[in-house]
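K.L.:
Sequence plus the predicted model coming up.
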Amino acid sequence: MVRPDRQLQPHSSLQSNIIGNVNHATVISTVFALIIINKAGGLIYNRTFHEGGLNKISTNDYLVLAGTFHGVHAITARLNPLKPITNPNRTSTTSTFPSSTPNPNTGTPNPSATPNSSVPSVPSTSGGSYLTRPDPPAGLEVLETENFRMQCFTTLTGTKFLLFTDTTQANVDLTMRRVYDMYADYVMKNPFYQLEMPVRCDMFERKLGSYIREINNR
Amino acid sequence: MSHLGPGKAVSSKEQTGLRYPSNGKTIYHRPLNRTKTAELSQSSFAYLFSEMVTYAQRRVTGIQELEKRLNLQGHPIGLKLLDLLLTREPPRSQTRPLTIIALLHFIKINLWTHLFGRQADRLEKSSNPDTPDEYMIIDNEPLVNAYISVPREMSQLNCAAFVAGMIEGVCDGAMFPARVTAHSVGGKEEGEMWPGKTVFLVKFQPEVLEREALIGKG
Amino acid sequence: MVVYSFYIFDRHTECIYSKTWLPTTATAHDPQATGASHQLRASTADDAKLIFGTVFSLRNMVRKLGGDDDAFVSYRTAHYKLHFYETASSLRLVMLTDTATLSMRNVLHQIYINLWVEYVVKNPLSPVEHKAGAGVKNELFELGLDQFVRGLM
């Protein structure tokens, strides 16, 4: 017998946090669009759920946008003011920076920050051998403008999910988590999907469509 | 099954162990996994099956050949399951099915429950008088297809051909030689509700029907 | 609330003012202090360029998606938050804070109105174009900014 289950979650520690917040989130935002960018910066998925939320731009523009964002995202991770120099010789001084300021991670819970929970959340710039593993994703997570809000979730393998919603500060984390679940289920478990290639999976389209419709109609 | 007959049960009194335990139950009587809900992770299965499809796809030229390969992967499983499931029946009903209806019920109930944790959704006989040798087992959402989106250019394909192979194995093992194929019927008529609805078409060899007719007369 | 740094870019995309409130003075006691502070200064100049590139790309992206009347307000990463304010004269103010900080839009607006306009624009000795920060680094502006930001923290 085979039992239906959710896939193993690397972010289980924060899940309770998210679930805890759901009850308080009375305002549900409208989801405008979803973009998925592969680890090389290529656009692999792009779908609009709500007309009028964002300007209509051509597929080519979306491709350019994905590439640009990929670059900007990498730079935003480098701009971290708390570790301005990545010099392995200066271990002692760099490591004092985070301790002298409050840990920013304790502020607002969000799914993208969770990979930190398994890795030391203190910026790991020193040359210790156990710190040779790649840093957890540290790039842009939320972008706010006057007309919309964009949340970016980077998976541990470098795939980026961009969810565009209206500006209400609702709980987008939960939506993002469900979208990621669906991607893991209906895209990654599909034998006909080729890694890093554009996503064309009927099942994913269908499930995602009905889930987002449910949110937007609430 | 002969080696599990009463003769052996006598000898088990002198020699106990895994093969001949004191209570007469051998390792074949129960699943090895004895936790309360002897279940496997659906994700693990999905990934495994995804690789099986990819493997089968590697050296084939057409969809028919691919389905044939999936069918062949399932066939030996069906043969073995027939023996195993009959062994686990209570001793009185431990006989192989002798009529088509009994066989199909065995598949619909015992085989399906063992594999998927539920019965098949429907059993039908072909209403076409030209094909009295055709029977249909209907599953509204086959577990093996749970995460699979078949690309448009392969719309004829149904990966449940693997399950069809298992059914064929059971039929062959029970001396009801048959050809079993899987067909997607979602999207038609009532298919809106079950987009993954699959019909397993069981086409028995002429000699099976001949025998069936003789039994009926007797 | 913690403010990490503040930058002003003119309409020629040049960084005409930057200031950090990071506890970098600790490096002074370091034996490699001279090398370190030199590196630090180089990285600040690099950072200014990177920051401008980032906010400029994001601003264009936002305008493309949200329409010409849309304006990029802020973004947040796991470690810091960046706030952006653009005036009608294409002067761009950028502030980096910790992640828990709420919108700093009006703070940046106040800096523009109460400090920039008062002490730089209205200063008769200040040039029109601030090549390499000329005219911005006057005592009143710097003191006012430092006091204002420290007051926030």
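P.N.:
That came through fine.

K.L.:
CA atoms for contacts and neighbours, from now on please.
P.N.:
Will do.

K.L.:
in chain B, which segments are predicted with low confidence?
P.N.:
When residues are selected by pLDDT under 70, those of chain B lie in B:1-21, B:24, B:34-38, B:187-191, B:218.

K.L.:
What segments of chain B are helices?
P.N.:
B:6-11, B:42-57, B:63-88, B:100-105, B:112-116, B:161-173, B:206-217 (DSSP state H).

K.L.:
Nearest to chain C among those would be which one?
P.N.:
Nearest of the helices of chain B to chain C, taken as Cα to the nearest Cα: helix B:42-57 at 30.4 Å.

K.L.:
Please report phi then psi for the spatially closest residue to B:Leu103 that is not a sequence neighbour.
P.N.:
Distances taken as Cα to Cα, 6 or more residues apart in numbering or on different chains place B:Pro97 nearest to B:Leu103, at 5.0 Å, with adjacent residues excluded. The phi/psi pair for B:Pro97 (degrees, to the nearest 10) reads phi -60, psi 140.

K.L.:
B:Pro97: neighbouring residues, count only.
P.N.:
18 (other Cα atoms under 10 Å in any protein chain shown).

K.L.:
Who are the contact partners of it?
P.N.:
B:Leu103, B:Phe106, B:Ala174 (Cα atoms under 8 Å, 6 or more residues apart in numbering or on different chains).

K.L.:
how about 10 Å then?
P.N.:
B:Leu86, B:Leu103, B:Leu104, B:His105, B:Phe106, B:Cys171, B:Ala174, B:Met175, B:Phe176 (Cα atoms under 10 Å, 6 or more residues apart in numbering or on different chains).

K.L.:
Which of those are buried? Put it as a ChimeraX command.
P.N.:
Selection of buried members from the contacts of B:Pro97 for ChimeraX, criterion 16 or more other Cα atoms under 10 Å in any protein chain shown:
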select /B:86,103,104,105,106,171,174,176
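
K.L.:
what's the model's confidence in the lengthiest helix in chain A, averaged?
P.N.:
Longest helix of chain A, by residue count under DSSP H: helix A:59-78. What helix A:59-78 shows for mean pLDDT is 93.

K.L.:
can you tell me if it touches chain C.
P.N.:
Yes - residues of helix A:59-78 contacting chain C under Cα under 10 Å from any Cα of the partner chain: A:61-62, A:64-66, A:68-69, A:71-78.

K.L.:
Counting by contacts, list what that helix packs against.
P.N.:
The contact analysis (3 or more Cα pairs under 10 Å, 6 or more residues apart in numbering or on different chains; DSSP states H and E) places helix A:59-78 against strand A:31-37, strand A:43-48, strand A:140-145, strand A:160-165, helix C:33-66, strand C:72-77.

K.L.:
list the helices and strands the last one packs on?
P.N.:
Yep, that's strand C:72-77 we're talking about. Partner elements for strand C:72-77 (3+ Cα pairs under 10 Å, 6+ apart): helix A:59-78, strand A:140-145, strand A:149-154, helix C:33-66, strand C:81-86, strand C:92-97.

K.L.:
Now render those as TSV, adding mean neighbour count.
P.N.:
As requested, the helices and strands packed on strand C:72-77 are exported to TSV (neighbours: other Cα atoms under 10 Å in any protein chain shown):
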stretch	mean neighbour count
helix A:59-78	18
strand A:140-145	23
strand A:149-154	25
helix C:33-66	17
strand C:81-86	24
strand C:92-97	24
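
K.L.:
which stretch in the ones you listed has the least confidence?
P.N.:
helix C:33-66 (a mean of 79).

K.L.:
just the angle between that one and strand A:140-145, please?
P.N.:
50 degrees (axes from the mean of the first three to the mean of the last three Cα atoms, to 10 degrees).

K.L.:
Which elements pack onto helix C:33-66?
P.N.:
Secondary-structure packing of helix C:33-66 (3+ Cα pairs under 10 Å, 6+ apart): helix A:59-78, strand A:140-145, strand A:149-154, strand C:3-9, strand C:15-20, strand C:72-77, strand C:81-86, strand C:92-97.

K.L.:
packing partners for the last one?
P.N.:
Just to be clear, that refers to strand C:92-97. strand C:3-9, strand C:15-20, helix C:33-66, strand C:72-77, strand C:81-86, helix C:105-110.

K.L.:
Is the last one positioned near chain A?
P.N.:
Spelled out, it's helix C:105-110. No - using Cα under 10 Å from any Cα, helix C:105-110 never reaches chain A; the gap is at least 11.0 Å.

K.L.:
which parts of chain B sit against chain A?
P.N.:
Applying Cα under 10 Å from any Cα, we find that chain B lies next to chain A at B:37-55, B:57, B:112-118, B:143, B:145-152, B:159, B:195-196.

K.L.:
buried subset of the residues you listed?
P.N.:
So, of these, B:39, B:42-43, B:45-47, B:49-54, B:57, B:112, B:116, B:143, B:145-150, B:159, B:195-196 end up buried under the neighbour-count rule (16+ other Cα under 10 Å).

K.L.:
Need the distance between the two termini of stretch A:192-200.
P.N.:
9 Å (Cα to Cα, to the nearest Å).

K.L.:
what does stretch B:151-160 give?
P.N.:
15 Å.

K.L.:
Next: stretch B:200-211.
P.N.:
23 Å.

K.L.:
Now do it: distance to the chain's middle.
P.N.:
Relative to its chain's centre, stretch B:200-211 lies at 16 Å (Cα atoms, centre = their mean, to the nearest Å).

K.L.:
Buried residues, that stretch. List them.
P.N.:
So, applying 16+ other Cα under 10 Å, buried residues of stretch B:200-211: B:Phe200, B:Leu201, B:Val202, B:Lys203, B:Phe204, B:Val208, B:Leu209.

K.L.:
Give me the subset of those lying in strands.
P.N.:
Under the assignment DSSP state E, the buried residues of stretch B:200-211 contribute B:Phe200, B:Leu201, B:Val202, B:Lys203, B:Phe204 to strands.

K.L.:
The residue in chain C positioned nearest to chain B: neighbour count?
P.N.:
For chain C and chain B, the shortest gap (Cα to the nearest Cα) falls at C:Ala78, measuring 30.4 Å. Neighbours of C:Ala78 under the rule other Cα under 10 Å: 28.

K.L.:
hang on, isn't it packed against A:Leu140?
P.N.:
Yes - using Cα atoms under 10 Å, C:Ala78 is in contact with A:Leu140, at 7.6 Å.

K.L.:
Now A:Leu43: closest residue in space that isn't a chain neighbour?
P.N.:
Per Cα to Cα, 6+ apart, closest to A:Leu43 is A:Ile37, 4.7 Å.

K.L.:
Chain B versus the one you found, what's the distance?
P.N.:
21 Å (Cα to the nearest Cα, to the nearest Å).

K.L.:
Now do the phi/psi pair for B:Asp130.
P.N.:
phi -70, psi -20.

K.L.:
Low-confidence bits of chain A, can you list those?
P.N.:
In chain A the weaker segments, taking pLDDT under 70 as the threshold, are A:1-28, A:83-137, A:169-170.

K.L.:
please redo it, this time with the cut-off set to 90
P.N.:
A:1-30, A:50-55, A:77-139, A:156, A:167-171, A:215-218 (pLDDT under 90).

K.L.:
That one: helices as residue ranges?
P.N.:
According to DSSP H, the helices that chain A contains are A:12-22, A:59-78, A:91-100, A:115-118, A:172-182, A:202-216.

K.L.:
In space, not sequence, find me the middle residue of chain B.
P.N.:
The centroid of chain B falls nearest to B:Ile167 when counting by Cα atoms, centre = their mean (3.6 Å).

K.L.:
Nearest residue to that residue in space, please, no chain neighbours.
P.N.:
B:Gly78 (6.0 Å).

K.L.:
For the one you found, grab the count of nearby residues.
P.N.:
24.

K.L.:
give me every residue that touches it.
P.N.:
B:84, B:107, B:111, B:163-173.

K.L.:
In these, which residue is surrounded by the most others?
P.N.:
Top of the contacts of B:Gly78 by neighbour count (other Cα under 10 Å): B:Ile167, with 33 neighbours.
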